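Student: How does the following fold in three dimensions:
(one chain, ligands or ions: 1)
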Amino acid sequence: MTSKTEPMDPTERLLAACRRQPVDRPPIWIMRQAGRYMASYQEVRSRVSFMELCRSPELCTEVTMMPIDQLGVDAAILFSDILVPLEGMGLEVSFDKRGPHVAPPLRSAAEVAKLRVDGADEEVAYVYEAVRQIKAALNGRVPLLGFAGAPLTLAIYAIEGGSSRNRHAVRKLVYDAPEVLESLLDKLTTVVIRYLRHQVEAGVDAVQIFDTWGGTMSLAEWRRFSLPYTSRIMKALEDTGVPTIHYALGSAHLTEGLAELPCDVLSVDWREPLSLVREKTGGRYALQGNVEPGVLTAGYEHIYAAAKACLDDFGDNPGHIFNLGHGITPDVTVSAAKALVDAAKELGARS
Ligand code: CP3
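Tutor: The predicted structure follows:
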């Protein structure tokens, strides 16, 4: 029996799901739940740039709370960006209509050698202050997730200087100078460990590591350039007792490797049903996901059906955190997002 009939405390619900313990219903939150699809977020952004927003603990708190109030999700996620720690390492991070920019792009051993490691975590202390203020604002209503980018995904942004379709600068390093990529990954790993430990000390209840670009690598490359670094981060957090969630996009070909990660939860996209991922990983992980994000632009009957299909597929097995397979997009309405949350709560509460 994996269900509990007594309504649970929301923090307990998320933590129990991470640990594959019985819950009254699967907790739900949505990746990118605070963002451009919300008029209230757009209003804040009309006054400040995205990085100014990230540097203001007060504004981060205000924005983090928006989906708690407007959607009724079961978890908050720190409002920030995976690229923020790169700024602490001495790179310039900015965002415009085309997406993120990181300057200068790192292509050589000399450029990687110049990156700051010691003190990089302290440079972005505004993030930890945001965590403290958000925890105070939440006042126990729902748990707070912290996060960081996986070293590989951060390295790809730093090498390409932003989003890139074919990632040829990364490919060139993989072939011509893998040792340069490895020294960059090593530095990023050290910084991410310190960065996440600060978030935990400031009060986050669980952490998610985003390896959004991990799926662009072959299984062998991912095993070499991502698995050891992300594993190091997860092991370095073990003594904190905080559950760790790993997210990868387009990663069905990586499942065998993902199953070696020392984490509690695998967050997967929509390409394979959770039941299959569960089977492939021997039921050893809680799973997060995995409704296809585009359904939120369709009719509500499709949203309801997608929530039902996801919950039915996972069944009464322990360890499901309901979510999308990737972030919410700006063209979604708040009422569509709320319809998904309401459906997940209603359908997830099995008697
Ligand atoms: O609500 C939340 O999920 C918390 C905040 C959050 C943001 N980014 C805010 C954001 C989180 C957890 C992230 C993680 C992040 N950032 C990832 C991993 C998750 C994923 O989506 O795969 C990645 C790859 C990034 C890098 C990034 N940041 C990109 C590619 C972009 C631009 C395009 C886009 O998808 O929005 C950003 C900017 C960004 N990060 C915005 C927000 C709300 C939009 C900025 C704006 O207001 O203009």
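Student: residue ranges of the strands in the chain, please?
Tutor: 76-77, 92-96, 99-103, 144-149, 206-211, 244-248, 265-267, 286-291, 320-324 (DSSP state E).
Student: quick one: contacts of the fifth one?
Tutor: Contacts to strand 206-211, defined as C-beta atoms under 8 Å, 6 or more residues apart in numbering, come from residues 14-15, 18, 75, 77, 82, 143, 145-150, 152-153, 192, 196, 199-200, 226, 230, 233-234, 237, 242-249, 251, 263, 267. For the C-beta atoms, the positions are set from N, CA and C on the backbone; glycine is no exception.
Student: Now do the helices for the stretch 251-351 of the chain: every range, in order, please.
Tutor: Secondary structure of the stretch 251-351 of the chain, counting by DSSP state H, counting those that start in this stretch: helices at 255-258, 274-280, 300-314, 334-348.
Student: which one of those lies closest to the ligand?
Tutor: Minimum separation from the ligand across the helices of the stretch 251-351 of the chain (C-beta to the nearest ligand atom) falls at helix 334-348, 11.4 Å.
Student: got the angle for that closest one vs helix 300-314?
Tutor: Put simply, helix 334-348 runs at 40 degrees to helix 300-314, going by axes from the mean of the first three to the mean of the last three C-alpha atoms, to 10 degrees.
Student: I figured Ala137 was touching Val63, is that so?
Tutor: No: Ala137 is not in contact with Val63 according to C-beta atoms under 8 Å; the separation is 11.0 Å.
Student: The two: which is more packed in?
Tutor: Neighbours per residue (other C-beta atoms under 10 Å) separate Ala137 from Val63, with Val63 holding more: 23 against 16.
Student: so how far is the ligand from that one?
Tutor: Val63 sits 8 Å away from the ligand, going by C-beta to the nearest ligand atom, to the nearest Å.
Student: swap in Leu14?
Tutor: For Leu14 relative to the ligand (C-beta to the nearest ligand atom), the value is 15 Å.
Student: again with Phe322
Tutor: Per C-beta to the nearest ligand atom, Phe322 is found 15 Å from the ligand.
Student: give me the beta-bridge partners of that residue?
Tutor: Beta bridges link Phe322 to Ile28, Gly289, judged by DSSP bridges.
Student: which residues touch Leu227?
Tutor: 257, 260-261.
Student: Apply 10 Å and report the result again.
Tutor: Leu227 is in contact with 150, 152, 211, 214, 219, 254, 257-258, 260-261, counting by C-beta atoms under 10 Å, 6 or more residues apart in numbering.
Student: could I get those as TSV with distance to the ligand and pLDDT?
Tutor: Shown next, in TSV, are the contacts of Leu227 (distance: C-beta to the nearest ligand atom, whole Å; pLDDT from 0 to 100):
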residue	distance to the ligand	pLDDT
Ala150	9	98
Leu152	12	98
Asp211	9	98
Gly214	10	97
Leu219	20	98
Leu254	15	98
Gly257	19	98
Leu258	16	98
Glu260	22	98
Leu261	17	98
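Student: and the residues you listed, which are buried?
Tutor: Burial by neighbour count, 16 or more other C-beta atoms under 10 Å: within these this picks out 150, 152, 211, 214, 254, 257-258, 261.
Student: quick one: Ala76 and Arg223, what's the gap?
Tutor: Note on Ala76: its distance to Arg223, by C-beta to C-beta, to the nearest Å, is 33 Å.
Student: Would you mark the buried spots in the longest helix along the chain?
Tutor: Longest helix in the chain, counting residues (DSSP state H): helix 178-202. Judged by neighbour count using 16+ other C-beta under 10 Å, the buried positions of helix 178-202 are 180-182, 184-185, 187-200, 202.
Student: same thing with stretch 10-19?
Tutor: Applying 16+ other C-beta under 10 Å to stretch 10-19 flags 10-11, 13-18 as buried.
Student: tell me which of those is nearest to Arg284?
Tutor: Nearest to Arg284 among the buried residues of stretch 10-19: Cys18, at 13.0 Å, using C-beta to C-beta.
Student: Show the pLDDT at that closest one.
Tutor: Note on Cys18: pLDDT of 98.
Student: picking up where we left off before, which of Ala76 and Arg223 has more residues huddled nearby?
Tutor: A count of neighbours by other C-beta under 10 Å puts Ala76 above the other of Ala76 and Arg223, at 26 against 15.
Student: what's across from that one in the sheet?
Tutor: Under the criterion used (DSSP bridges), Ala76 bridges to Leu144.
Student: That one is in contact with Leu144, isn't it?
Tutor: Yes: contact status for Ala76 versus Leu144: in contact at 4.9 Å, counting by C-beta atoms under 10 Å.
Student: Need the overlap of contacts for the two.
Tutor: Counting by C-beta under 10 Å, 6+ apart, the residues touching both Ala76 and Leu144 are 64, 68, 134-135, 137-138, 204-205.
Student: Of those, which is the nearest to the ligand?
Tutor: Taking C-beta to the nearest ligand atom as the measure, the ligand lies nearest Thr64 of the shared contacts of Ala76 and Leu144, at 7.5 Å.
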